[in-house]
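Engineer: sequence first, then the predicted structure, then my questions.
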Amino acid sequence: MEVHNVELVMSAVDPKQYPKTGQPEIALVGRSNVGKSSLTNVLINRNSYARTSSQPGKTQTLNFYHVEEKLYFVDVPGYGYAKVSRTEREKWGQMIETYLTSRDTLRGVISLVDGRHAPTADDLTMYTWLSYYDIPTLVVATKMDKIPGAKWNKQLSLVKKTLQISPQDDLLPFSAQTKSGKEEVWQWIEQHAFG
Ligand code: GTP
Ligand code: MG
């Protein structure tokens with residue numbers, strides 16, 4: 001999709017604040033600092049519309065980006081940031097769980113992992129959880145510009161194996177720097193949002 005028009009419509013904590021248009025939503029989840037906002041910016045052709053973090057762990061609300069007045073990207077606050085208090089973490093967990101399990105308009109989740117390393121225990125927990133709830137998931141291995149092309153396949157296999165990605169889900173390499181993978185990610189989104 002060629003994007004010209006994006007609007008941050010809502011920073012929501014409470015379900016009452018979620019958009020009411022009934023249009024499809026694609027959520028982005030992943031460790032704090034993994035590159036969720038950067039992926040969002042590439043998808044919507046902006047350099048810094050979704051705020052990339054100088055302060056990891058600071059985003060504590062669901063940010064709904066209305067894209068071409070057709071669908072929403074939902075930027076979910078990152079997990080795994082050590083300096084967040086236990087109370088904050090529990091609040092985060094409840095908000096995410098409520099959203100992911102009860103949102104009718106949610107069509108799929110993009111789960112980001114750092115392509116340079118093996119997925120973390122938190123990444124595995126998140127993916128396992130999404131599978132358990134049967135939420136269609138695209139795993140995106142990001143920051144791929146930081147590893148040489150000759151190692152891509154090996155890294156992707158490691159991600160696939162560590163997360164035990166199920167046959168109905170997909171895995172794609174991505175780089176916000178080179179924009180490699182952008183078209184493939186968009187294809188997945190369109191297929192799941194409108195397919
Ligand atoms: P939170 O909002 O804190 O959860 O972080 P986030 O997941 O939104 O990460 P963000 O997009 O803010 O990126 C974190 C840092 O990683 C920034 O410095 C980005 O420039 C960098 N980054 C993100 N994606 C890539 C990528 O594909 N390649 C490279 N080289 N750097 C990236
Ligand atoms: Mg962010």
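Structural biologist: Nice, thanks for sending it over. Ligands and ions are numbered 1, 2, ... in the order given.

Engineer: which residue, other than its chain neighbours, is closest to residue 189?
Structural biologist: With Cβ to Cβ, 6 or more residues apart in numbering as the criterion, residue 189 has its nearest non-adjacent residue at 5.3 Å, and that residue is residue 26. Bear in mind the C-beta positions are built from the backbone N, C-alpha and C, glycine included.

Engineer: shouldn't that neighbour be within a helix?
Structural biologist: No - counting by DSSP: H, G, I helix; E, B strand; the rest coil, residue 26 is not part of a helix but strand.

Engineer: just list whatever residues bridge to it.
Structural biologist: Listed by DSSP bridges, the beta-bridge partners for residue 26 are residue 73, residue 108.

Engineer: can you check residue 65 too?
Structural biologist: Beta-bridge partners, per DSSP bridges, of residue 65: residue 8, residue 73.

Engineer: from residue 182, how far off is it?
Structural biologist: 16 Å (Cβ to Cβ, to the nearest Å).

Engineer: so for those two, which sits in the more crowded spot?
Structural biologist: residue 65 (25 against 17; other Cβ atoms under 10 Å).

Engineer: which residues touch the more buried one?
Structural biologist: Contacts of residue 65 were listed using Cβ atoms under 8 Å, 6 or more residues apart in numbering, and they are 6-9, 40, 44, 49-50, 72-75.
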